[in-house]
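Asker: Pasting the sequence and the predicted coordinates here, then a few questions.
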Amino acid sequence: KIAVWAYVINDRNREVYKAKPVSSSELILRRGDYEHIWSTQLVTDNGSTKSSDQTNAVFARLNHNLKQKGYSLKDNCIRTWLFVRDIDLNYPGVVEARKNFFEKFNMTKDTHFIASTGIEGRHAHPGINVLMDAYSVGGVSRDQIRFLEAREYLNPTYEYGVTFERGTSLDFGDRRHIYISGTASIDHRG
């Protein structure tokens, strides 16, 4: 029932950074040339209870919000958290919708996906089966982002039918942040 996102900055110059709420589901912190964008409780009320429809809608909402700021899902979204009601029943719809949505934006095994976690979670509204949180960074360039793999231990996720990165590394110059996905225990032999 409670989620806390903590973002701690130890700045030698003792600068104070203030996060600015943009909406009830979005917060932005500007630091240097970067905009750190936290999106939370992304849900849809489109009337469908199908997890695939709801997944498509929450990704479309995130993509729309990023486009309004001059960013894109493909270039700026670093990490997502998908909370799925009755995950054993609804997760296949989430997987298929995410894959289809990513393909529309040329996010494939040959380009990249987004670090992500899909776990059991519930919204207070009984008709909402999928909700999403996301972390995006504006002002980054492609050479600052690396998609992590360890093929001697883990096979790529697309080989077992899902579309997310196992981990993403983001270099800011003075520091590196690593975002690790939640993932099934599937090794390089499947």
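Answerer: Cool, the structure landed. Numbering: from 1, shown residues only.
Asker: low pLDDT regions in this structure?
Answerer: 1-3, 5, 7, 9-11, 14, 16, 184-190 (pLDDT under 70).
Asker: Okay, helices next: where are they in it?
Answerer: 51-68, 73-76, 87-104 (DSSP state H).
Asker: Mind putting those into CSV with distance to Glu152 and mean neighbour count?
Answerer: Every C-beta, even on glycine, is put in place using the N, C-alpha and C of the backbone. Formatted as CSV, those follow (distance: least, Cβ to Cβ, whole Å; neighbours: other Cβ atoms under 10 Å):
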stretch, distance to Glu152, mean neighbour count
helix 51-68, 32, 20
helix 73-76, 28, 19
helix 87-104, 26, 17
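Asker: okay, those in a markdown table with distance to His123 next?
Answerer: Shown next, in a markdown table, are the helices of the chain (distance: least, Cβ to Cβ, whole Å):
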| stretch | distance to His123 |
| --- | --- |
| helix 51-68 | 10 |
| helix 73-76 | 22 |
| helix 87-104 | 12 |
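Asker: Which one, of those helices, ends up nearest to Thr183?
Answerer: If you check each of the helices of the chain against Thr183 by Cβ to Cβ, helix 87-104 wins as the nearest, at 13.1 Å.
Asker: which residues in the protein form strands?
Answerer: Ranges of strands within the chain are 19-23, 26-31, 34-42, 77-84, 115-120, 130-138, 145-148, 167-171, 176-180, based on DSSP state E.
Asker: Which strands or helices does the fifth one pack on?
Answerer: Put plainly, it is strand 115-120. In this structure, strand 115-120 packs against strand 77-84, helix 87-104, with contacts taken as 3 or more Cβ pairs under 8 Å, 6 or more residues apart in numbering; DSSP states H and E.
Asker: So what touches the first one?
Answerer: Pointing back at strand 77-84 there. With Cβ atoms under 8 Å, 6 or more residues apart in numbering as the test, strand 77-84 has contacts from 51, 55, 62, 66, 90-91, 94, 98, 114-123, 129-137, 145, 164, 168, 170, 179, 181.
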